[in-house]
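> Pasting the sequence and the predicted model now:
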Amino acid sequence: MEFAILSDSFNKMETTRKRLELTQFLVELFQNTPNEVISKIVYLLQGKLRPDFEGIELGVAEKLAIRAISKSSGIPIKKIEEEYRIEGDLGHAASIVLKQKTQTTFLVEDITVERVYETLFKIARLEGARSQDMKMKYISSLLNDASPLEAKFILKILLGTLRLGVAENTVMDALAITFSENKENRKILQHAYNVSSDLGKVAETISRKGLKGIEEFEITLFNPIRPMLADRVKSEEEAIEKFGDEFAAEYKLDGERVQLHIEGDKVILFSRSLENISSYYPDIIEKIPKTIRADNIILEAEAVAINENTGEFLPFQELMHRRRKYKIEKAVTQYPITVNLFDVLYCNGKSCLDMDYKDRRSKLEKIVIEDNFVKYIPMAIVKNVNEVEDVMENSINAGSEGLMLKMLDKPYQAGSRGSHWLKLKREYQNELGDSLDLVVIGGYFGKGRRTGNYGTLLLATYDEDEDKFTSICKVGTGFTDESLDQLYQILNPKVTIKKNPRIDSEMEADVWFDPELVIEVVASEITLSPIHKAAKDKIRKDAGLALRFPKFTGKIRIEKIVEDASTNEEVITLFKGQKKVAHDKSLI
Ligand code: AMP
């Protein structure tokens with residue numbers, strides 16, 4: 001397939017932020033895409049080469065790209081840099097300078113999607129001393145044969161600056177329309193995506209085998225399953241109201257969620273955001289196979305830092321020390337953990353997702369043998385408020401955050417915040433009744449002791465309808481020197497020159513970040529706001545919602561993907577809830 005078709009399509013997509021229009025452009029593109037390349041196109045339009053969990057990064061530096069543009073076109077480096085300064089985007093700058101190309105090339109080879117993809121893949125694989133020269137060779141040979149528009153998008157993909165604002169849901173809408181002529185079939189596609197986390201594979205299956213192929217889609221060992229999430233409740237009473245008379249109460253441990261894929265001695269660990277985190281936990285890799293009585297299995301657990309002397313659970317932040325590339329052995333002994341299992345999703349070649357919670361739990365207890373390192377998360381079947389409170393007290397005393405309440409007769413709903421799991425945290429008794437997980441979208445440079453760091457951050461909620469991140473507050477309190485440093489390290493690589501199209505905010509910021517990081521805040525109140533965009537027009541026309549006196553809790557939620565952040569719907573519920581409390585109080 002000609003790469004020109006793809007770059008024309010990308011060019012159109014760049015002109016709009018409207019979901020319906022994007023969907024339409026995608027449908028037109030998919031209609032012109034052969035089966036063999038559709039998965040590649042799905043990855044490329046998200047600026048990727050493979051699904052995230054494979055961790056393939058292009059990692060091309062701007063300097064190298066500029067040299068490659070110059071080499072392939074004969075245009076001096078200075079001129080390219082000058083245009084880049086004006087445009088703020090190297091891909092765009094390249095397309096402008098390449099239009100004035102002086103060097104003529106002979107024997108120009110056609111550029112196909114396959115060729116671009118294979119070359120990018122080779123570039124991503126290059127390592128070692130001569131890799132820079134080789135990268136340069138590959139890039140300049142592609143640019144040599146590319147039109148200015150093609151060059152623009154090749155560079156954007158290479159540099160990680162392609163931001164078409166196409167969310168996974170939009171791709172699935174377009175696939176459903178193209179291959180089944182019914183957008184409603186998105187739900188079936190969604191299931192296939194939830195059990196594979198691989199949108200390219202889903203696209204290829206529907207393109208080759210139609211909806212039937214998607215309906216037969218199965219879990220593949222070592223491909224992560226998108227995790228099931230929980231709704232919140234504020235009190236034991238509310239849980240009883242929602243769940244009725246008998247359900248499971250598990251400790252809610254404050255660690256890192258880990259999905260374990262195991263076959264013999266081969267073990268791969270995925271985080272909640274489906275990143276391969278095996279290298280941080282060599283102790284799990286070594287010890288878990290000995291505890292399993294099955295040929296292959298997918299388990300879910302919370303890895304929790306512990307005090308080795310007392311066995312007490314330590315807070316999530318302790319695990320951050322393990323997120324390093326080097327000297328991991330030292331971190332393993334310094335920050336010991338236990339693995340606390342709470343679910344089984346697949347066993348001996350078969351999915352367990354459709355089994356009831358209680359059957360999955362008893363299977364888990366049969367197939368895994370507990371030891372000092374691997375345990376089942378403590379669980380009790382409860383019937384009334386007193387029993388829930390009792391488990392809650394034990395859980396808090398053991399050093400955990402609260403409870404996860406689970407319906408006994410329900411399946412595992414991959415990738416969704418179903419209402420079959422509820423979380424009940426002790427800290428909910430704060431003023432707002434809840435903490436919020438917000439996405440960092442902008443930053444402001446600090447002054448005084450905070451010089452050189454971002455002293456204040458601009459935060460956003462997730463707008464599920466529009467698939468955008470809507471600003472809700474600036475936060476400048478609750479930071480320690482250590483957390484400011486840590487945030488700077490994490491955020492600095494996410495700085496962008498232009499605001500990401502998924503950000504919806506009219507605030508000014510010193511820098512904009514790609515929306516990729518979630519942090520936890522508490523606040524005293526939610527108020528109507530003329531400037532923030534969260535839940536805009538939902539409560540009152542021309543007003544959004546904002547947090548009053550927000551404070552960072554110290555929790556950087558690296559394990560969360562941004563679509564898991566607090567949604568506008570949740571903020572509206574909290575807003576209405578606080579009004580009710582205020583109203584009730586005024587009656588007393
Ligand atoms: P939250 O991060 O507050 O939305 O709570 C959900 C997270 O709690 C999950 O992603 C897990 O990492 C964690 N968790 C702790 N204990 C459990 C449990 N017993 N069952 C499920 N998730 C748990």
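On my side now, so go ahead.

> Show me what the residue in the chain positioned nearest to the ligand is bridged to.
The nearest approach of the chain to the ligand comes at residue 257, 3.1 Å away (CB to the nearest ligand atom). The way it works is simple: take the backbone N, C-alpha and C, and place the C-beta from them, glycine included. Beta-bridge pairing for residue 257 (DSSP bridges): residue 302.

> Near it, how many other residues are there?
Other residues near residue 257 come to 17 when the count uses other CB atoms under 10 Å.

> ok, it - contacts?
With CB atoms under 8 Å, 6 or more residues apart in numbering as the criterion, the residues that contact residue 257 are 227, 271, 272, 300, 301, 302, 559.

> restrict those residues to those near the ligand?
Among these, proximity to the ligand is found for 272, 302 (CB under 6 Å from any ligand atom).

> Put together JSON lines for the contacts of residue 257, with neighbour count on each row.
Formatted as JSON lines, the contacts of residue 257 follow (neighbours: other CB atoms under 10 Å):
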{"residue": "227", "neighbour count": "25"}
{"residue": "271", "neighbour count": "21"}
{"residue": "272", "neighbour count": "21"}
{"residue": "300", "neighbour count": "23"}
{"residue": "301", "neighbour count": "27"}
{"residue": "302", "neighbour count": "24"}
{"residue": "559", "neighbour count": "18"}
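
> So which of the contacts of residue 257 are in strands?
When the contacts of residue 257 are checked against strands using DSSP state E, the ones located there are 300, 301, 302.

> ok, residue 540 touching residue 527?
No - the pair residue 540 and residue 527 fails to qualify as a contact (CB atoms under 8 Å) at a distance of 11.2 Å.

> Those two: which has the busier surroundings?
Neighbour comparison, residue 540 and residue 527: the larger count goes to residue 527, with 16 against 11 (by other CB under 10 Å).

> list the contacts for the more buried one?
With contacts defined as CB under 8 Å, 6+ apart, the neighbours of residue 527 are 545, 546, 547, 548.

> quick one: secondary structure of it?
Here residue 527 takes the strand state, with states given by DSSP: H, G, I helix; E, B strand; the rest coil.

> burial count for the spatially closest residue to residue 186 that is not a sequence neighbour?
Counting by CB to CB, 6 or more residues apart in numbering, residue 186 lies nearest to residue 176, which is 4.6 Å off, once chain neighbours are set aside. Under the neighbour criterion other CB under 10 Å, residue 176 is assigned a count of 24.

> you'd agree residue 176 is up against residue 193?
No - checked against CB under 8 Å, the pair residue 176 and residue 193 is beyond contact range at 11.5 Å.

> got the residues of the stretch 401-550 of the chain near the ligand?
With CB under 6 Å from any ligand atom as the criterion, the stretch 401-550 of the chain meets the ligand at residues 404, 423.

> can you rerun that using 5 Å?
Of all the residues in the stretch 401-550 of the chain, those in contact range of the ligand (CB under 5 Å from any ligand atom) are residue 404.

> now the stretch 251-400 of the chain
Residues of the stretch 251-400 of the chain that fall close to the ligand, judged by CB under 5 Å from any ligand atom: 252, 253, 257, 302, 342, 377.

> And the third one, how far from residue 536?
By that I understand residue 257. Residue 257 is 32 Å from residue 536, where distance means CB to CB, to the nearest Å.

> And for residue 530, the neighbour number?
Taking other CB under 10 Å as the definition, residue 530 ends up with a neighbour count of 9.

> contacting residues for it?
Applying CB under 8 Å, 6+ apart to residue 530 gives the contacts 542, 543, 544.

> Shouldn't the first one be within a helix?
No - in this structure, residue 542 is coil, not part of a helix, as judged by three-state DSSP.

> Can you give me the buried ones in stretch 447-464?
The neighbour-count check on stretch 447-464 (16 or more other CB atoms under 10 Å) flags 450, 453, 454, 455, 456, 457, 458, 459, 460, 461, 462, 463 as buried.

> what's the span of that stretch from first residue to last?
With CA to CA, to the nearest Å as the measure, the ends of stretch 447-464 fall 35 Å from one another.

> what distance separates it from the middle of the whole chain?
Averaged C-alpha coordinates place stretch 447-464 at 20 Å from its chain's average position (CA atoms, centre = their mean, to the nearest Å).

> One more: stretch 243-262?
20 Å.

> For the closest residue in space to residue 57 that isn't next to it in sequence, grab the count of nearby residues.
Nearest residue to residue 57, sequence neighbours excluded (CB to CB, 6+ apart): residue 124, at 6.5 Å. Counted with other CB under 10 Å, residues neighbouring residue 124 total 17.

> Look at residue 124 and report its pLDDT.
Among the per-residue scores, residue 124 shows a pLDDT of 93.

> Residue 382 pairs with what?
Counting by DSSP bridges, residue 382 is bridged to residue 247.

> In this model residue 244 seems to touch it, though I could be wrong.
No - if you go by CB under 8 Å, residue 382 and residue 244 don't touch, sitting 11.3 Å apart.

> okay, the two: which has more neighbours?
With other CB under 10 Å as the criterion, residue 382 and residue 244 differ in neighbour count, and residue 382 comes out ahead with 24 against 10.

> quick one, what contacts the residue nearest to residue 186?
Taking CB under 8 Å, 6+ apart, one finds 182, 183, 184, 185, 186, 188, 189 in contact with residue 176.

> can you do 6 Å?
The contact partners of residue 176, by CB atoms under 6 Å, 6 or more residues apart in numbering, come to 183, 185, 186, 189.

> tell me the SS of it?
Under three-state DSSP, residue 176 falls in the helix class.

> next one: residue 153
Secondary structure for residue 153, judged by three-state DSSP, is helix.

> For it, give me its contacts.
7, 10.

> ok so, going back, which of the contacts of residue 176 tops the neighbour count?
Within the contacts of residue 176, most neighbours by other CB under 10 Å means residue 189, with 26 neighbours.

> buried stuff in the helix or strand where that one lies?
Secondary-structure element containing residue 189, defined by DSSP states H and E: helix 186-196. Under the neighbour-count criterion of 16+ other CB under 10 Å, helix 186-196 has 186, 188, 189, 190, 191, 192, 193, 194, 195, 196 buried.
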